[in-house]
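Peer 1: Okay, structure incoming, though there's no sequence with it:
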């Protein structure tokens with residue numbers, strides 16, 4: 001199986017949830033990592049479209065973000081974190097070490113760049129005969145007109161089929177992005193969909209999905225799937 005190197009960082013900088021996109025932009029620009037991705041996935045080979053009763057237009061390429069931002073609750077507030085899935089992990093660590101204690105300006109305030117001790121993990125990614133159990137929180141499988149069309153569908157089984165297909169597609173995009181070893185066809189089994197919950201991304205509101213499922217693709221804890229994966233939505237939790 002393909003080995004994926006993972007770096008997890010937590011900043012000791014309290015922020016509000018709505019500030020996370022701006023914090024991401026400030027930090028990635030300050031450290032020089034703007035626009036870093038693992039791979040651009042051609043949807044004609046990596047993305048099987050869910051067809052509605054109209055033409056769906058998508059960009060030719062879909063990017064899976066290698067820098068994925070998270071929010072962690074600390075006391076009565078929140079602190080940001082970063083999950084790095086890039087072959088440039090050493091650059092992220094070195095840059096943060098050089099700039100530790102430096103300050104960036106966010107919404108008119110100065111924030112020091114301090115990180116806790118980094119956590120490293122190496123995991124072999126691929127498909128097998130074994131099924132792994134996962135929980136997927138605040139998952140956004142689609143957005144824009146596709147989401148508007150989905151919300152008009154009344155048939156429960158059709159909605160479930162679409163969510164199942166979109167989840168399989170996002171798993172495939174992740175697998176291709178990390179060069180997973182696909183010895184067996186990718187599967188999603190025993191999908192359980194909890195009631196949707198309202199989430200806010202910037203100035204937009206969405207009804208996110210909360211899923212439980214099994215797949216024969218092994219994944220690390222805390223990686224993101226779906227739309228806005230780089231901003232802490234669609235976070236995978238491996239269930240043991």
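Peer 2: On my side now, so go ahead. Bear in mind that the values here come from a model prediction, so they are computed numbers and not experimental data.
Peer 1: residue ranges for the strands of the protein, please.
Peer 2: Applying DSSP state E to the chain gives strands spanning 2-10, 37-42, 61-65, 67-74, 77-84, 103-106, 109-112, 119-139, 181-182, 188-201, 204-217, 235-239.
Peer 1: Those: lowest mean pLDDT?
Peer 2: Among these, strand 37-42 has the lowest mean pLDDT, at a mean of 48.
Peer 1: quick one, phi psi at residue 184?
Peer 2: As for residue 184, its main-chain torsions (degrees, to the nearest 10) stand at phi -130, psi 160.
Peer 1: If we ignore the residues flanking it in sequence, what's nearest it?
Peer 2: Of all residues not flanking residue 184 in the chain, residue 127 sits nearest, at 4.4 Å (Cβ to Cβ, 6 or more residues apart in numbering). Quick note: C-beta positions are derived from backbone N, CA and C, even for glycine.
Peer 1: And for residue 190?
Peer 2: Computed as Cβ to Cβ, 6+ apart, the closest residue to residue 190 that is not its neighbour in sequence is residue 214, at 4.8 Å.
Peer 1: The one you found: how many residues sit nearby?
Peer 2: The tally of other residues near residue 214 (other Cβ atoms under 10 Å) stands at 16.
Peer 1: try residue 77
Peer 2: Residue 77: 12 neighbours (other Cβ under 10 Å).
Peer 1: was I right about it contacting residue 12?
Peer 2: No: with contact defined as Cβ atoms under 8 Å, residue 77 does not reach residue 12; the gap is 11.5 Å.
Peer 1: For the residue nearest to residue 184, list the residues it contacts.
Peer 2: Contact analysis of residue 127 by Cβ atoms under 8 Å, 6 or more residues apart in numbering lists 175, 180-187, 216-217.
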